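Engineer: Next input, structure requested:
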Amino acid sequence: MGFLRLITNAHVMGPDVLSQRNAGKVYDDLARDKRVTFAIESAEIEPLWKSYTQGRFTGTNVWTDPYLAALASCWPTWGLTETDAFIANVTATPSLPD
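Structural biologist: Presented below is the predicted three-dimensional model:
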């Protein structure tokens, strides 16, 4: 996500700044590159996150805010409540279901 934040930030990229849609294509290319690996998380999150990031926006929060929204949308399907989310955030990162 940090990479996406950088390539959609006009202060960093200048005239080469990318929209969410174009940066998403770069991300997908990287994800297919066998030299690149990602941490494992619930399979529910990424498709939802990607659906929230298909705009033509640029800026620093256009990746993290939709990710947090996707994460929050998935919590109920894991049988967790807002209280569980708060406690997990305060104490430790919860283990995600397979």
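Engineer: ok, the residue lying farthest from the centre of the chain - contacts?
Structural biologist: What lies farthest from the middle of the chain is Pro15; by C-alpha atoms, centre = their mean that is 24.1 Å. Counting by C-beta atoms under 8 Å, 6 or more residues apart in numbering, Pro15 touches no other residue. Glycine gets a C-beta too; all of them are placed from N, C-alpha and C.
Engineer: For Glu41, see how far away it is.
Structural biologist: 34 Å (C-beta to C-beta, to the nearest Å).
Engineer: Show me the residue at the heart of this structure, geometrically.
Structural biologist: Tyr67 (3.8 Å).
Engineer: Next up, the contacts around it.
Structural biologist: Met1, Ile45, Trp49.
Engineer: Columns distance to Arg56, pLDDT and secondary structure on top of those, output as CSV?
Structural biologist: Conversion of these to CSV gives the following (distance: C-beta to C-beta, whole Å; pLDDT from 0 to 100; DSSP: H, G, I helix; E, B strand; the rest coil):
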residue, distance to Arg56, pLDDT, secondary structure
Met1, 19, 79, coil
Ile45, 23, 87, helix
Trp49, 17, 86, helix
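Engineer: got a winner among those residues for most neighbours?
Structural biologist: Neighbour counts for the contacts of Tyr67 peak at Trp49, which has 21 neighbours (criterion: other C-beta atoms under 10 Å).
Engineer: Tell me how far the residue farthest from the centre of the chain lies from Thr58.
Structural biologist: 12 Å.
Engineer: Likewise for Leu4?
Structural biologist: 11 Å.
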